[in-house]
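A.B. asks: Give me a model of this one.
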Amino acid sequence: MNQLSFISRWNALQAREARLAWLLLFPTALIVFGLIIFPAVFSVWISFHDVGLRNLNDVFHAPFAGWSNYTRVFQDFAFKYQGPTNWGAAVTSIVYSFSSTVLTVLIGLFAALLLNRPFIGRGMTRAIFLFPYVAPIVSVAFVWRWILDPRPSGVVNDLLMRLGVIELPLGYLSTRGLALLLVIIFEAWRYFPFAMLMILARLQAIDNTLYEAAEVDGANTWQKFSFITLPELRYVLGAIFLLRLMWTFNKFDDIFLLTGGGFGTKVLPVLTYEFSFRLFDFGRGAATAMTLLVLLIVFMLIYVRVVMRNVDEQ
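C.D. replies: The predicted structure is shown next:
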């Protein structure tokens, strides 16, 4: 009797649909486990072990190192703050990520407000604005390096020398402070189209009757922007800021292609690469990556619990 009950439940329509659902989900779950979950757990494991070229062929028998990899990361001169002229990778990552994210959102907001108004050639302007985001990073990075080339043939140097602004060519990407400012500007220029598209989509969904009512009440342009546009955009702006902050905090290719992480632009992803693939100290590289993850989680929690909560209360 129990066997018949089991067979009937096994052949029931709901049970067959459930088995089909699990069968369809299995390939995706396998890919997620193989490409995301296992590498993440393996990185945590490596950060607590002494892994290098000598034992890379037998990594699962690497000696346990405890917290020594993290200690060496925190004590490394390239990581910690050395003074006003040498911020270290940790502080540089924070300054670079927050500054470029804020600038990206502001430029994206300005561009979205501009493109939200009808004018001749608006479609072409939108396509031009999208170019930095869709162009290959290698090509745009090398174009910027050519423009900022320290030789007299560099575009900026040649232009400024012709105008008489400077007498000798300058190394813009090899000057501490200026190099970091330039990579921040590059990051904002490259990724503002993403913010622009998200903001523009929300702008076009705002009810025009709100603006019409504000005009009847005598509101000017700034008042309509402050009391209608910004409140309507607060959730979109919050989501864009959080996404861009996470992506920028993990950015490696932009800075590496422009400066190689030198001249005060070394961030934690670049430091992770140097520990792992230049010094071949994979344990210390994994510890740096885990430190980056912890910092990112802390900033996310602060942002979600403080900033977004204040937005919700308003």
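
A.B. asks: low-confidence ranges in the chain?
C.D. replies: 1-13, 306-314 (pLDDT under 70).

A.B. asks: hmm, try it at 50
C.D. replies: Scanning the chain for pLDDT under 50 picks out 1.

A.B. asks: quick one: the strands in it?
C.D. replies: Using DSSP state E, no strands are found in the chain.

A.B. asks: Grab the longest helix from it for me.
C.D. replies: Of all segments of type helix in the chain, defined using DSSP state H, the longest is helix 88-115.

A.B. asks: which helices and strands sit right next to that helix?
C.D. replies: Judged by 3 or more Cβ pairs under 8 Å, 6 or more residues apart in numbering; DSSP states H and E, helix 88-115 is in contact with helix 122-134, helix 178-203, helix 230-249, helix 268-277, helix 282-302. Any C-beta I mention is one placed from the backbone N, CA and C, and that applies to glycine too.

A.B. asks: The longest one packs against which elements?
C.D. replies: Counting contacts by 3+ Cβ pairs under 8 Å, 6+ apart, helix 178-203 packs against helix 88-115, helix 122-134, helix 137-147, helix 230-249, helix 253-258.

A.B. asks: re earlier: for the longest helix of the chain, buried residues please.
C.D. replies: 88-90, 92-94, 96-101, 103-105, 107-109, 111-113, 115 (16 or more other Cβ atoms under 10 Å).

A.B. asks: tell me the angle that helix makes with helix 122-134.
C.D. replies: Angle, helix 88-115 to helix 122-134, by axes from the mean of the first three to the mean of the last three Cα atoms, to 10 degrees: 170 degrees.

A.B. asks: ok, back up a step: can you put the helices and strands packed on helix 178-203 in TSV and add distance to Leu173?
C.D. replies: Listed next are the helices and strands packed on helix 178-203 as TSV, based on distance: least, Cβ to Cβ, whole Å:
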stretch	distance to Leu173
helix 88-115	14
helix 122-134	18
helix 137-147	7
helix 230-249	19
helix 253-258	6
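
A.B. asks: quick one: which of the ones you listed is nearest Glu187?
C.D. replies: The closest of these to Glu187 is helix 88-115. By Cβ to Cβ, the value is 3.8 Å.

A.B. asks: Hmm, Ile255 and Ile137 touching each other?
C.D. replies: No. Assessed by Cβ atoms under 8 Å, Ile137 is found out of contact with Ile255, at 11.1 Å.

A.B. asks: Grab the nearest non-local neighbour of Ala111.
C.D. replies: Excluding the flanking residues, the one nearest Ala111 by Cβ to Cβ, 6 or more residues apart in numbering is Met196, at 4.3 Å.

A.B. asks: got a list of what that neighbour touches?
C.D. replies: By Cβ atoms under 8 Å, 6 or more residues apart in numbering, Met196 lies in contact with Ile107, Gly108, Leu109, Ala111, Ala112, Leu115, Phe129.

A.B. asks: what sits against the second one?
C.D. replies: Read it as Gly108. Applying Cβ under 8 Å, 6+ apart, the residues near Gly108 are Phe192, Pro193, Phe194, Ala195, Met196, Met198, Ile199, Ile240.

A.B. asks: now do the first one
C.D. replies: Listed by Cβ under 8 Å, 6+ apart, the contact partners of Ile107 are Ala188, Trp189, Phe192, Ala195, Met196.

A.B. asks: same deal with the fifth one?
C.D. replies: Contacts for Ala112 (Cβ under 8 Å, 6+ apart) come out as Ala195, Met196, Leu197, Ile199, Leu200, Leu203.

A.B. asks: Right, I'll call it a day here.
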